[in-house]
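Student: sequence and predicted model, in that order:
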Amino acid sequence: MVALLALVHIATLAAADVPATDAKITVYRCEDSKGKVSLQDSPCAKTSKQEAREMLRPKDAPPKQKLPVKPVPVIEQMPPPQPMVQLAPPPDLYQCTTYDGKTRDSENYDPNPRCEPLWALGYREEYLPIEQRGVSCKWIQDSCVKYEGRTVCDRWKAKQKQAQSDLRYAFSDTAAFRKSDLARITQIIQRSCQ
């Protein structure tokens, strides 16, 4: 391998000294009495064993063509990501339904237990003893279910619209309460439902 590299090196040096019109070059392999091998472009000494080889003169590679420089596209820097604002969960809301199907929203679990007169529940009082007619009642309560997911915010926004309407038509003695209630609901929506 060393001999091959030396051979290429000699051929390259010879190519630099000789005009480009000569297509061949002679390389001499010399081995002295101690067995040391050398490659050269001139004949060996008389005390060395000589081998001569003719080779094609190496040619320089053509000069590289300059490629047109393409402009580097300008990449617009993206603004740093905005930190995600973690919204507080909205307060619970419940939908409470009465025995006759009427619904209402409540901010607390409030089944509103009460004693309804039997006649209001559709019972016929003529079958009751006389002393119980008009005074008998049955304990009932509403069915309350907690709103879940996106519905909670939708219901708070509906409460906000109702509070705005209540404030618009409030009497002077309730206007301050209506105003503070609207501000409270608006604050809940801004903090939890954006």
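Tutor: Cool, the structure landed.

Student: domains of this protein?
Tutor: Domain assignment for the chain by automatic domain parsing gives 2-56, 94-192.

Student: what about the nearest residue to residue 29 once chain neighbours are set aside, distance to residue 35?
Tutor: Excluding its sequence neighbours, the residue lying closest to residue 29 (C-beta to C-beta, 6 or more residues apart in numbering) is residue 51, at 4.3 Å. The C-beta positions use only the backbone N, C-alpha and C, and glycine is treated the same way. Distance from residue 51 to residue 35, counting by C-beta to C-beta, to the nearest Å: 14 Å.

Student: ok, these two, which is more surrounded?
Tutor: More crowded of residue 51 and residue 35, by other C-beta atoms under 10 Å: residue 51, with 12 against 7.

Student: could you say what helices and strands the helix or strand harbouring that one packs with?
Tutor: Using DSSP states H and E, residue 51 sits within strand 49-56. If you count contacts as 3 or more C-beta pairs under 8 Å, 6 or more residues apart in numbering; DSSP states H and E, strand 49-56 packs onto strand 24-31.

Student: which element follows the strand it packs on toward the C-terminus?
Tutor: Toward the C-terminus from strand 24-31 - assigned by DSSP H and E - lies strand 37-40.

Student: show me where the chain has its helices.
Tutor: Along the chain, counting by DSSP state H, helices occupy 2-17, 150-168, 175-192.

Student: quick one: mean pLDDT over the last one.
Tutor: Over the span of helix 175-192, the pLDDT mean works out to 93.

Student: I'd assumed residue 155 was in contact with residue 185.
Tutor: No - using C-beta atoms under 8 Å, residue 185 is not in contact with residue 155, being 10.7 Å away.

Student: shared neighbours of the two, anything?
Tutor: Here residue 185 and residue 155 share no contacting residue, scored by C-beta atoms under 8 Å, 6 or more residues apart in numbering.

Student: would you mind measuring from residue 50 to residue 24?
Tutor: According to C-beta to C-beta, residue 50 and residue 24 sit 18 Å apart.

Student: which of those two has more residues huddled nearby?
Tutor: residue 50 (13 against 9).

Student: and that one, what is it in contact with?
Tutor: 28-30, 43-44.

Student: leaving out the residues flanking it, which one is nearest to it?
Tutor: Leaving aside its sequence neighbours, residue 50 sits nearest to residue 44 (C-beta to C-beta, 6+ apart; 3.9 Å).

Student: residue 48 now?
Tutor: Counting by C-beta to C-beta, 6+ apart, residue 48 lies nearest to residue 30, which is 4.3 Å off, once chain neighbours are set aside.

Student: need the residue closest to the centroid of the chain.
Tutor: Centroid check for the chain by C-alpha atoms, centre = their mean gives residue 81 as the closest residue, at 10.2 Å.

Student: partners of the strand holding residue 51 in the sheet?
Tutor: Strand 49-56 has the following sheet partners, assigned by DSSP bridges: strand 24-31 (antiparallel).
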